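Asks: sequence-free structure coming up:
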């Protein structure tokens, strides 16, 4: 075995940290660029990205991570061409149909975001899926028609409707979409851009951030393990002095 093969093998067998993050979130970026590099329509990138989403989410649960959040469709993504938006919505419908027919009892699923745009059969499917496996320890959050600022406004408006006249941080934390899980320990963005794009604005106050140039359709669990290995070496001080 050559030296480069040895290095590659060692690199792909990263040692996972003793303490894994409880909650990991992904900004799944790069589907369109992946397709363009191959001379394909952008919709082909989203199709491949949907397959990778399932592999990564389920792979994280197998590692022992309790909560996974994926940024599937933002409030700003409606600005994209209708053909692309329609293709993404079709992938959502296909995924929900599969989820209902081949339920995975290892985790429960929650859709987060403004659901008012999803009506009829689509909304009914979303609610049926969310009712599955209520006692499952693992949770998959899919952010659809989601915006971090809008989420904070939504939480505040709920509190106002409940009669709150003075709102605390704990109040808002109890009304955000992911309140049933700890804030994400780690947020990973694929595709090379270095920003969080209105994602989990409240929850990410002390999240560790990781940006990779890998396009989402090329992202693998091997890379997740390498990132987790690096995450385990970071000292999280949460504003204190640390050790």
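Replies: Ah, there it is. Since this is a predicted model, take the numbers as computed values, not measurements.
Asks: centroid-nearest residue for this structure?
Replies: residue 70 (1.6 Å; CA atoms, centre = their mean).
Asks: ok, that one - contacts?
Replies: By CB atoms under 8 Å, 6 or more residues apart in numbering, the contact set of residue 70 is 25, 26, 28, 53, 57, 140, 141, 142, 143. Where C-beta positions appear, they are placed from N, C-alpha and C, glycine not excepted.
Asks: now the nearest residue in space to residue 212 that is not next to it in sequence: how far from residue 201?
Replies: Ranked by CB to CB, 6 or more residues apart in numbering and with sequence neighbours excluded, the top spatial neighbour of residue 212 is residue 190, at 5.5 Å. Per CB to CB, to the nearest Å, residue 190 is found 19 Å from residue 201.
Asks: and the two? which has more neighbours close in?
Replies: residue 190 (26 against 16; other CB atoms under 10 Å).
Asks: what's the helix ranked longest in the chain in contact with?
Replies: In terms of residue count, the longest helix belonging to the chain (DSSP state H) is helix 42-63. Contacts to helix 42-63, defined as CB under 8 Å, 6+ apart, come from residues 16, 20, 24, 26, 28, 30-36, 38, 68, 70, 72, 83-84, 87-88, 91, 94-95, 104, 106-107, 138, 140, 216-217, 219-221, 224-225, 228.
Asks: after that helix, which helix or strand is next?
Replies: strand 67-74 (DSSP states H and E).
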